[in-house]
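Asker: Need a 3D model of the following:
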Amino acid sequence: MARVDLDGNPIEPMKICIIGAGGFIGSHLCDKLMAETPHTVLAVDVYSDKIKHLLEPPPGQGGAHPWAGRIQFHRLNIKHDSRLEGLIKMSELTINLAAICTPADYNTRPLDTIYSNFVDAFPVVKYCSENTKRLIHFSTCEVYGKTIGSFLPKDHPLRQNLLRREPLKLVDGGQSQRTFVYIKDAIEAVLLMIENPARANGQIFNVGNPNNEVTVKQLAEMMTEVYSKVSGEPLLKVHTIDVSSKEFYGEGYDDSDKRILDMTIINKQLGWSPKTLLWDLLESTLTYQHRTYAQAIRRTMVKPIASS
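Answerer: Below you'll find the model as predicted:
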């Protein structure tokens with residue numbers, strides 16, 4: 001059955017240049033595009049570890065992926081590589097995911113952050129504009145003021161502490177309130193933007209889940225309980241410890257106490273709303289973490305005993 005957009009029009013296969021394809025969001029987006037669409041991806045990044053499974057033939061099957069030939073990896077840094085303009089010219093759509101979005105970096109690496117999120121992105125905007133190419137440009141909640149994260153990347157300290165069976169560190173008691181969206185829900189929203197340009201062009205969309213609002217302390221307690229369930233290990237006697245924002249992030253760190261996303265525009269234009277509840281999000285994520293990383297982390301904690 002032919003794919004159609006929200007207005008019933010057939011969706012034609014397109015070539016998409018994804019800058020930052022090897023990152024957390026980019027790799028999930030590549031997975032989605034390969035598995036469920038006919039689109040071709042020019043994957044741009046300095047690392048390809050998270051999309052390696054898409055680029056290489058499936059192990060032990062002696063064949064090729066169903067999407068063979070529809071994804072190409074281009075290892076380049078957008079700051080100083082003349083090939084970028086050519087890749088954008090070849091594509092109908094460019095998606096720019098390259099950015100520094102870790103809250104602590106806004107305080108400890110301010111110049112790097114400004115350059116990465118604004119200055120380095122300027123050529124992408126310039127090339128798209130000059131060549132009349134469509135651009136989807138990602139940003140973070142930092143544009144609204146102060147620093148905040150809306151999802152937990154795979155190397156987040158909270159997750160690492162869980163896997164090491166260590167208490168979770170709560171900055172200033174973990175009283176700040178946050179909302180969390182499941183990455184698969186977010187990718188559904190991005191796919192709607194990709195395939196519905198008539199509804200998405202010129203819009204600014206918030207992508208999040210206001211229904212998953214908790215304090216960071218509540219999140220830590222829930223993560224501890226969920227991880228005990230998926231790992232079969234007993235609950236820690238001491239779940240959390242408090243640290244100051246100065247100790248954890250450095251001098252001058254400033255954060256927002258509460259922020260709830262307004263989903264009016266994305267719901268009206270694209271009919272999108274998130275589906276995954278926080279408990280289910282954490283159970284899926286921490287199950288993956290336990291299966292993939294727990295053994296590796298335990299091995300690093302075992303120090304070899306020197307022979308006498």
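
Asker: ok, the nearest residue to Ser139 once chain neighbours are set aside - contacts?
Answerer: Spatial nearest neighbour of Ser139, excluding adjacent residues (CB to CB, 6 or more residues apart in numbering): Ala99 at 7.5 Å. In this view, the C-beta of every residue, glycine as well, is placed from N, C-alpha and C. Contact analysis of Ala99 by CB atoms under 8 Å, 6 or more residues apart in numbering lists 20, 116-117, 121, 138-140.

Asker: domain parsing for the protein?
Answerer: As given by automatic domain parsing, the domain ranges for the chain are 13-139, 149-246+255-295.

Asker: Distance to Leu6 and mean pLDDT for these - can I get that in CSV?
Answerer: Compiled in CSV, the domains of the chain are given as follows (distance: least, CB to CB, whole Å; pLDDT from 0 to 100):
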stretch, distance to Leu6, mean pLDDT
domain 13-139, 15, 90
domain 149-246+255-295, 5, 83
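
Asker: for these, which one sits closest to Asp5?
Answerer: With CB to CB, the closest approach to Asp5 among the domains of the chain belongs to domain 149-246+255-295: 4.9 Å.

Asker: Adding distance to Ala2, write the domains of the chain out as JSON lines.
Answerer: Below are the domains of the chain laid out as JSON lines (distance: least, CB to CB, whole Å):
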{"stretch": "domain 13-139", "distance to Ala2": "10"}
{"stretch": "domain 149-246+255-295", "distance to Ala2": "12"}
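
Asker: what's the span of stretch 108-117 from first residue to last?
Answerer: Its first and final residues considered, stretch 108-117 spans 15 Å by CA to CA, to the nearest Å.

Asker: Tell me the buried residues in it?
Answerer: Going by neighbour count (16 or more other CB atoms under 10 Å), the buried part of stretch 108-117 is 113, 116-117.

Asker: so which of the residues you listed comes closest to Thr264?
Answerer: Nearest to Thr264 out of these is Asn117 (CB to CB; 25.6 Å).

Asker: Assign the closest residue to the closest one other than its chain neighbours to helix, strand or coil.
Answerer: Leaving aside its sequence neighbours, Asn117 sits nearest to Ala99 (CB to CB, 6+ apart; 4.9 Å). Three-state assignment for Ala99 (DSSP: H, G, I helix; E, B strand; the rest coil): coil.

Asker: and Ala99, how far is that from Gly20?
Answerer: According to CB to CB, to the nearest Å, Ala99 and Gly20 sit 7 Å apart.

Asker: Break down the stretch 1-150 of the chain into its strands, ranges please.
Answerer: All strands of the stretch 1-150 of the chain, identified by DSSP state E, counting those that start in this stretch, fall at 15-19, 40-45, 71-75, 93-96, 134-137.

Asker: right, and Asp45 touches Gly22 too?
Answerer: Yes. Counting by CB atoms under 8 Å, Gly22 is a contact partner of Asp45 at 3.5 Å.

Asker: if we can go back for a sec, so which of the strands of the stretch 1-150 of the chain gets nearest Ser231?
Answerer: Short answer: strand 40-45, nearest of the strands of the stretch 1-150 of the chain by CB to CB, at 31.7 Å.

Asker: Show residues contacting the closest one.
Answerer: Outside strand 40-45, the residues that reach it (CB under 8 Å, 6+ apart) are 13-23, 26, 30, 33-34, 51, 70-76, 78, 84, 87, 90-91.

Asker: Now distance to Arg165 too, for the buried residues of stretch 108-117, in JSON lines please.
Answerer: Formatted as JSON lines, these follow (distance: CB to CB, whole Å):
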{"residue": "Thr113", "distance to Arg165": "33"}
{"residue": "Ser116", "distance to Arg165": "35"}
{"residue": "Asn117", "distance to Arg165": "36"}
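
Asker: which one of these sits closest to Thr215?
Answerer: So of the buried residues of stretch 108-117, ranked by how close each gets to Thr215 (CB to CB), first place is Thr113, at 26.2 Å.

Asker: contacting residues around the closest residue to that closest one other than its chain neighbours?
Answerer: Leaving aside its sequence neighbours, Thr113 sits nearest to Ile100 (CB to CB, 6+ apart; 4.7 Å). Applying CB under 8 Å, 6+ apart to Ile100 gives the contacts 106, 109, 112-113, 116-117.
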